[in-house]
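K.L.:
Sequence first, then the predicted structure:
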Amino acid sequence: MRYWSLIFALAAAFSVGAFAYAPFSADWWLPNPAGEPRHVVSTFGREIDALFVIILWLTGAVFVGTHAALIWAQFRYADRVDADGKPARPAQYFHGSQRLEVVWTIIPAGILVFLALYQMDTWANIKFRSAAPRTPVLAELTGRQFQWMMKYPGPDGRLNTPDDLFTVNDLHFVKDRTALIHLKSADVIHSFFLPQMRIKQDAVPGMTIPVWFDCDRAGRYELACAELCGWGHYKMRGDVVVHETEREFQEWQAAKLAEQGRSQLATAPGDPGGDEK
Ligand SMILES: [Cu+2]
């Protein structure tokens, strides 16, 4: 039944074709800004994507190699019968090959060790506390069922003072500046995820985790929760606005603070119905 080997070959060819096509389609490849399918906006994003592409090439080569071997074996050893309807050649029994097993254990182990060493710097730059930038904290972000609560230091630059600005699902920072946030959780494990910036970090109850990232293009992006954290998990989709200049950011903050001042007046004692959210 050589016909089966051709079916398998088609499936493999389709898979390889899909991977070859994906980088040219905005919907198939990794998330990038709308209209710029190949522009990765953050420094870490470019590093992560480079690692991703290396892994894709490695696994792709293994995929093509194993499928070529599989299809060749199916084609070569398809059952054949002679004119009398008997098998044209007898089946053979052999008990494995130690040499082959050693080879296919050592090669993947070598590849894994290479990847582990190769990506170490990137991991350290993105995740190690010692690599955290010495910049003032942009905001404190607390995940809770089911929203991201954000606390910005306000004009005085210090958290937990009367001029702090509170927002929900609304993250703002400035282009080409490293933004440092303190990530917390009020209840369960959430996961702070900026897909376009390739940043993902769990928010763990009881911990304050520094997370830092940047963006080289002003615009609107997406913040998601990447941990299934309960029935309202889908609601934890927030807006990310990257401002062109520091001044634009300050203006947004001032406007929001004025708004916050007004709503605080509305919720002053004596107004039982004014509870926000
Ligand atoms: Cu969540």
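P.N.:
Now that the structure is in, tell me what you want to look at. Residues are numbered from 1 along each chain as shown.
K.L.:
Spatially nearest residue to the residue in the stretch 1-150 of the chain that the ion sits nearest to (excluding sequence neighbours)?
P.N.:
Nearest to the ion, among the residues of the stretch 1-150 of the chain, is Gly143, at 5.4 Å (C-beta to the ion). For glycine as for every other residue, the C-beta is placed from the backbone atoms N, C-alpha and C. Among residues not flanking Gly143 along the chain, His190 sits closest, at 3.3 Å (C-beta to C-beta, 6 or more residues apart in numbering).
K.L.:
Which residues are in contact with the one you found?
P.N.:
Taking C-beta atoms under 8 Å, 6 or more residues apart in numbering, we find His190 in contact with 143-144, 202-203, 225, 227, 229, 236.
K.L.:
ok, those vs Ile107, which is closest?
P.N.:
Asp202 (32.9 Å; C-beta to C-beta).
K.L.:
The stretch 101-250 of the chain: helices as residue ranges?
P.N.:
Per DSSP state H, counting those that start in this stretch, the stretch 101-250 of the chain carries helices over the ranges 120-127, 246-266.
K.L.:
mind checking which of the ones you listed is nearest the ion?
P.N.:
Here helix 120-127 is closest among the helices of the stretch 101-250 of the chain (C-beta to the ion), at 20.0 Å.
K.L.:
Output the contacting helices and strands for the closest one.
P.N.:
The contact analysis (3 or more C-beta pairs under 8 Å, 6 or more residues apart in numbering; DSSP states H and E) places helix 120-127 against helix 43-76.
K.L.:
If you average the pLDDT over the helix it packs on, what comes out?
P.N.:
Averaging pLDDT along helix 43-76 yields 91.
K.L.:
hang on, the earlier thing: and the residue of the stretch 1-150 of the chain closest to the ion, what does it touch?
P.N.:
Counted by C-beta under 8 Å, 6+ apart, Gly143 has contacts 149, 183-186, 190, 192, 203, 225, 229, 236.
K.L.:
thinking again about what came up before, separation between the residue nearest to Gly143 and Ile48?
P.N.:
21 Å (C-beta to C-beta, to the nearest Å).
K.L.:
Same question for Pro33.
P.N.:
Counting by C-beta to C-beta - Pro33 and Ile48 are separated by 16 Å.
K.L.:
So what pairs up with the closest residue to the ion within the stretch 51-200 of the chain in the strands?
P.N.:
Relative to the ion, the nearest point of the stretch 51-200 of the chain is His190 (3.5 Å; C-beta to the ion). Beta-bridge pairing for His190 (DSSP bridges): Ala203.
K.L.:
Now do it, the pLDDT please.
P.N.:
96.
K.L.:
From Lys151, how far out is it?
P.N.:
Going from His190 to Lys151 by C-beta to C-beta gives 16 Å.
K.L.:
quick one: contacts for Asp239?
P.N.:
Counted by C-beta under 8 Å, 6+ apart, Asp239 has contacts 169-171, 220-223.
K.L.:
Can you tell me which of those are buried?
P.N.:
Neighbour-count burial within the contacts of Asp239 applies to 169-171, 221, 223; the criterion is 16 or more other C-beta atoms under 10 Å.
K.L.:
Please convert those to CSV, extending it with pLDDT and distance to the ion.
P.N.:
Below are the buried ones among the contacts of Asp239 laid out as CSV (pLDDT from 0 to 100; distance: C-beta to the ion, whole Å):
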residue, pLDDT, distance to the ion
Asn169, 94, 11
Asp170, 93, 16
Leu171, 95, 15
Tyr221, 93, 18
Leu223, 95, 11
